[in-house]
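**Student:** I'll drop the sequence and a predicted model, then ask my questions.
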Amino acid sequence: MVRALGYPTRAARDGREALRYIQQHPGEIRLVLTDVIMPYMDGGELSERVRDLHPRVAIVLMSAYPVGEIAELVAAYPELPFLEKPFTTESLHRVLTPLLGPPARAKDRREKDRIRYRDRTRQSS
């Protein structure tokens, strides 16, 4: 869904793999979208460790567990956006856009529109 919105993505099998990738590619990651419940390292711990390494990386938590079952864990991170699975592409877009800005495709499309408009106005002059 993230890729379909136009944002580049990297996937990890679990929190440890995600953290290892982030450590090996400093500055490349702008957002971590993590499940709250994962093997080896839950989303909360991953969030804390990512913040320690790169405080400017945005983090979004998500889970298919009912909020009541994971309320304590989610409550520990009130500043982080939370998506309850299943969620729609539209709801994901509403969360990601303020954190990342419009996807590259949208930016590219706007730039192409500006160029076309500029070219049309020059031709009509």
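**Tutor:** Nice, thanks for sending it over. All of these numbers come straight from a predicted model, not from anything done at the bench.
**Student:** which residue would you name as the spatial centre of the chain?
**Tutor:** What sits nearest the mean C-alpha location of the chain, by CA atoms, centre = their mean, is L31, with 4.3 Å.
**Student:** surely that residue touches R56?
**Tutor:** No - using CB atoms under 8 Å as the test, L31 is too far from R56 to be in contact (10.3 Å). Placement of C-beta: from N, CA and C, glycine included.
**Student:** quick check on the residue nearest to the centre of the chain: phi, psi?
**Tutor:** phi -150, psi 140 (degrees, to the nearest 10).
**Student:** bridged to it, which residues?
**Tutor:** Beta bridges link L31 to A58 when assigned by DSSP bridges.
**Student:** check contacts around it.
**Tutor:** 7, 57-60, 96, 99-100 (CB atoms under 8 Å, 6 or more residues apart in numbering).
**Student:** kindly write the ChimeraX command that selects the buried subset of the residues you listed.
**Tutor:** Those of the contacts of L31 that count as buried under 16 or more other CB atoms under 10 Å are selected in ChimeraX with:
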select :7,57,58,59,60,96,100
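**Student:** between the contacts of L31, which sits nearest T88?
**Tutor:** Nearest to T88 among these is L96, at 12.5 Å by CB to CB.
**Student:** so the closest one is in which element?
**Tutor:** helix 89-100 (DSSP states H and E).
**Student:** quick one: buried residues of that helix?
**Tutor:** Under 16+ other CB under 10 Å, the buried positions of helix 89-100 are 92-93, 95-96, 100.
**Student:** next one: stretch 29-42
**Tutor:** Buried residues in stretch 29-42 (16+ other CB under 10 Å): 29, 31-36, 38, 41-42.
**Student:** which one of the residues you listed is nearest Y77?
**Tutor:** Distances from Y77 to the buried residues of stretch 29-42, taken by CB to CB, are shortest for V36, at 9.1 Å.
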